[in-house]
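Trainee: no sequence on hand, only this structure:
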Ligand code: NAD
Ligand code: GLY
């Protein structure tokens with residue numbers, strides 16, 4: 001794969017994540033990796049570790065490296081994939097910081113998708129009990145979701161994202177140039193996270209997505225910048241109100257309990273995370289309808305939008321509803337014996353619902369699996 005052409009630097013949108021003294025900008029634009037004057041102003045010291053992977057670094061590390069002149073810096077590259085989001089690799093990243101002689105004012109730069117962003121943030125949270133990090137997301141999913149909000153961490157054999165820290169970045173540099181090399185399926189998975197924001201809490205944005213679905217599917221620049229900015233602005237508001245997920249932030253998990261069960265049942269190969277979220281949102285809408293919370297018309301609108309964006313909405317063939325229900329019982333949001341799910345009252349009106357009857361969920365899964 002060859003890197004996309006670097007554009008002249010231009011910021012198309014800026015969103016601020018308002019967290020008092022820890023507030024930070026999310027810059028969305030073109031040529032931003034090479035716009036070092038902008039992001040270097042967020043560095044406080046002289047040491048930088050760039051964390052990336054063996055797919056992204058050959059494409060984009062050079063652009064970042066050109067901006068690091070005069071600093072003491074090194075890079076640490078992981079093998080590609082979720083399987084490498086481990087404690088062992090955090091240990092290696094920390095060793096790389098030690099080898100660099102990183103001091104308290106050092107900064108970790110995350111150059112990659114959500115796997116790299118989550119790990120770089122966690123390594124930064126651990127080194128000397130917390131140093132700066134900058135997110136340079138290179139997948140659409142990372143631009144609209146994982147790079148914003150400060151959730152960092154790694155997986156354990158016992159489960160995904162079981163260990164981590166809330167640690168906010170100093171800046172998010174979303175350079176749309178990098179998306180030119182992103183595989184189409186990964187791009188669509190990112191669009192699912194855009195739809196999710198609108199489905200949870202912004203009906204006007206949902207209607208805008210319906211009108212611009214074709215442009216987004218075709219990766220139109222202006223539509224894409226607007227979609228990313230609106231999703232990031234929505235998430236930034238939620239994070240500013242509930243940084244550590246004491247309440248409202250849990251809504252950002254619409255479709256996740258179903259989605260994680262589907263991802264796990266598919267052994268993390270049948271569905272990408274964003275695809276699991278797409279099917280999960282459709283199932284959450286179906287369950288809300290079944291429980292009398294929302295209208296069939298809302299479910300149909302969600303299904304149509306996801307399909308227009310090329311996303312799956314059905315349970316993959318061969319998955320067993322009983323197994324999916326068993327996997328849903330393991331979700332971190334549950335209390336003993338009942339399911340706690342994010343459902344909705346219609347487009348833009350998600351809510352946390354505790355004590356959901358497993359029989360209703362099983363009936364829904366059985367009918368969805370029959371197609
Ligand atoms: P990813 O990081 O695995 O990236 C997907 C694939 O795209 C990888 O193969 C990667 O090497 C490749 N890639 C990245 N940028 C590229 C580019 N510009 N050109 C070509 N290839 C490129 O996956 P993801 O979907 O970005 O992120 C998923 C991860 O994010 C999961 O670990 C998930 O748990 C985490 N996540 C975290 C949060 C959060 O709030 N912290 C939210 C959502 C997801
Ligand atoms: N992706 C969910 C959150 O950031 O809270």
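Mentor: Great, that's in hand. Just so it is clear, the model here is predicted, and its values are computed rather than measured. Ligands and ions are numbered 1, 2, ... in the order given.

Trainee: is it true that residue 348 touches residue 196?
Mentor: No. In this structure residue 348 lies outside contact range of residue 196 using Cβ atoms under 8 Å: 11.5 Å. All C-beta spots, glycine's among them, are computed from the backbone N, C-alpha and C.

Trainee: the more surrounded of those two?
Mentor: Per other Cβ atoms under 10 Å, whichever of residue 348 and residue 196 has more neighbours is residue 196, with 29 against 18.

Trainee: buried set for the helix or strand where that one lies?
Mentor: Assigned by DSSP states H and E, residue 196 belongs to helix 184-201. By neighbour count on 16 or more other Cβ atoms under 10 Å, the buried set for helix 184-201 is 186-201.

Trainee: quick check: residues of the stretch 1-150 of the chain near ligand 2?
Mentor: Counting by Cβ under 6 Å from any ligand atom, the stretch 1-150 of the chain comes close to ligand 2 at 145, 149.

Trainee: where does the stretch 1-150 of the chain get nearest to ligand 2, residue-wise?
Mentor: Nearest residue of the stretch 1-150 of the chain to ligand 2, counting by Cβ to the nearest ligand atom: residue 149, 4.3 Å away.

Trainee: low-confidence stretches in the protein?
Mentor: Under the criterion pLDDT under 70, the flagged ranges of the chain are 332-337.

Trainee: got the contact list for residue 57?
Mentor: If you count contacts by Cβ atoms under 8 Å, 6 or more residues apart in numbering, residue 57 has them with 75, 77, 111.

Trainee: actually, residue 249.
Mentor: Contacts for residue 249 (Cβ under 8 Å, 6+ apart) come out as 149, 238, 239, 241, 242, 243.

Trainee: so residue 136, which state does it fall into?
Mentor: strand (DSSP: H, G, I helix; E, B strand; the rest coil).

Trainee: can you give me the helices for the stretch 1-150 of the chain?
Mentor: Taking DSSP state H, counting those that start in this stretch as the test, the helices found in the stretch 1-150 of the chain are 36-40, 57-65, 87-100, 114-126, 140-141.

Trainee: residues of the stretch 251-371 of the chain that sit close to ligand 1?
Mentor: Going by Cβ under 6 Å from any ligand atom, the residues of the stretch 251-371 of the chain near ligand 1 are residue 273.

Trainee: out of the buried residues of helix 184-201, the closest to residue 145 would be?
Mentor: Of all these, residue 193 has the smallest distance to residue 145: 4.4 Å, by Cβ to Cβ.

Trainee: so that closest one touches residue 275, yeah?
Mentor: No. Under the criterion of Cβ under 8 Å, residue 193 is not in contact with residue 275, lying 10.8 Å apart.

Trainee: between the contacts of residue 57, which is nearest residue 365?
Mentor: Ranked by distance to residue 365 (Cβ to Cβ), the contacts of residue 57 are led by residue 111 at 39.1 Å.

Trainee: who touches the closest one in this structure?
Mentor: By Cβ under 8 Å, 6+ apart, the residues touching residue 111 are 33, 50, 51, 52, 56, 57, 60, 61, 64, 136, 138.

Trainee: wait, the fourth one touches residue 74, no?
Mentor: No. Distance between residue 52 and residue 74: 11.5 Å, which falls outside the contact criterion (Cβ under 8 Å).

Trainee: who has more neighbours, these two?
Mentor: Each of residue 52 and residue 74 has its neighbours counted (other Cβ under 10 Å); residue 52 has more, 26 against 14.

Trainee: please name the bridge partners of the nearest residue to the more buried one once chain neighbours are set aside.
Mentor: Residue nearest to residue 52 in three dimensions, not counting chain neighbours: residue 111, with 4.1 Å by Cβ to Cβ, 6 or more residues apart in numbering. Residues in a beta bridge with residue 111, per DSSP bridges, are residue 136.

Trainee: check residue 344 too.
Mentor: According to DSSP bridges, residue 350 are recorded as the beta-bridge partners of residue 344.

Trainee: how near is it to residue 201?
Mentor: Remark: distance between residue 344 and residue 201 (Cβ to Cβ, to the nearest Å) = 10 Å.

Trainee: any shared contact partners between these two?
Mentor: In terms of Cβ under 8 Å, 6+ apart, residue 344 and residue 201 are both contacted by the residues residue 350.

Trainee: any idea of the angle the helix holding residue 196 forms with helix 114-126?
Mentor: 70 degrees (axes from the mean of the first three to the mean of the last three Cα atoms, to 10 degrees).

Trainee: quick check: closest non-adjacent residue to residue 160.
Mentor: Excluding its sequence neighbours, the residue lying closest to residue 160 (Cβ to Cβ, 6+ apart) is residue 260, at 7.1 Å.

Trainee: what is the burial count for the one you found?
Mentor: Using other Cβ under 10 Å, residue 260 has 23 neighbouring residues.

Trainee: so which bits of stretch 111-130 are buried?
Mentor: So for stretch 111-130, counting by 16+ other Cβ under 10 Å, buried means 111-127.

Trainee: do the same with stretch 27-47
Mentor: Neighbour-count burial for stretch 27-47, with 16+ other Cβ under 10 Å as criterion, is recorded at 27-36, 38-40, 43, 47.

Trainee: picking that back up, run through the residues that contact the residue of the stretch 1-150 of the chain closest to ligand 2.
Mentor: Going by Cβ under 8 Å, 6+ apart, residue 149 touches 17, 168, 235, 236, 239, 243, 249.

Trainee: need the contacts of residue 111 in TSV (columns: distance to ligand 1).
Mentor: Shown next, in TSV, are these (distance: Cβ to the nearest ligand atom, whole Å):
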residue	distance to ligand 1
33	10
50	14
51	12
52	9
56	5
57	9
60	7
61	12
64	13
136	10
138	4
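
Trainee: did I read that right, residue 342 in a strand?
Mentor: Yes. Counting by three-state DSSP, residue 342 is located in a strand.
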